[in-house]
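# no sequence for this one, just the structure:
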C-alpha cells in the first residue's frame, strides 16, 4: 500500500511540475505590454501560485499530534 501511495505522490508531483512548465511558458509568451488589470494574465499568475503551493505542500512534513507530542513545539518525549 505504501508503494501505491508513493507512486500516486510521484505522479501528482510530475503532473504539477508539467502544469507549472505549461503556465511558465504561457506567461513568458504572453503579449506585451501587460496592464496590471489584465484578468487573463493575473489568472495565469494565480494558477502558477496555486501549482507552486501544491508542490510545496507535497514537500512539507505534516505534524501529527499524539499523546507523547501533543504539539509541534513539545518535541519528542523519550521514556
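Perfect, thanks for sending it. Fair warning: this is a prediction, and the values are worked out from it, not measured in the lab.
# and the helix or strand hosting residue 6, what does it pack onto?
In this structure, residue 6 sits in helix 2-28 according to DSSP states H and E. Where contact means 3 or more Cβ pairs under 8 Å, 6 or more residues apart in numbering; DSSP states H and E, helix 2-28 is packed against helix 39-59. Every residue, glycine included, has its C-beta placed from N, CA and C.
# And the contacts of the helix it packs on?
Here helix 39-59 makes contact (Cβ atoms under 8 Å, 6 or more residues apart in numbering) with 9, 12-13, 16-17, 19-20, 23-24, 26-27, 30, 34.
# Repeat the analysis, applying 7 Å as the threshold.
For helix 39-59, contacts defined as Cβ atoms under 7 Å, 6 or more residues apart in numbering pick out 9, 12, 13, 16, 19, 20, 23, 24, 26, 27, 30, 34.
# Put the buried members of these into a ChimeraX selection.
Here is the ChimeraX command that selects the buried residues among those (16 or more other Cβ atoms under 10 Å):
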select :16,19,20,23
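# In the contacts of helix 39-59, find the pair that's most separated.
Spatial extent of these (Cβ to Cβ) is set by the pair 9 and 34 at 35.1 Å.
# sorry, back to before: distance to residue 73 and pLDDT added to the contacts of helix 39-59, as JSON lines?
Shown next, in JSON lines, are these (distance: Cβ to Cβ, whole Å; pLDDT from 0 to 100):
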{"residue": "9", "distance to residue 73": "27", "pLDDT": "91"}
{"residue": "12", "distance to residue 73": "30", "pLDDT": "95"}
{"residue": "13", "distance to residue 73": "29", "pLDDT": "96"}
{"residue": "16", "distance to residue 73": "31", "pLDDT": "97"}
{"residue": "19", "distance to residue 73": "35", "pLDDT": "98"}
{"residue": "20", "distance to residue 73": "33", "pLDDT": "98"}
{"residue": "23", "distance to residue 73": "37", "pLDDT": "98"}
{"residue": "24", "distance to residue 73": "38", "pLDDT": "98"}
{"residue": "26", "distance to residue 73": "42", "pLDDT": "97"}
{"residue": "27", "distance to residue 73": "39", "pLDDT": "96"}
{"residue": "30", "distance to residue 73": "44", "pLDDT": "95"}
{"residue": "34", "distance to residue 73": "44", "pLDDT": "90"}
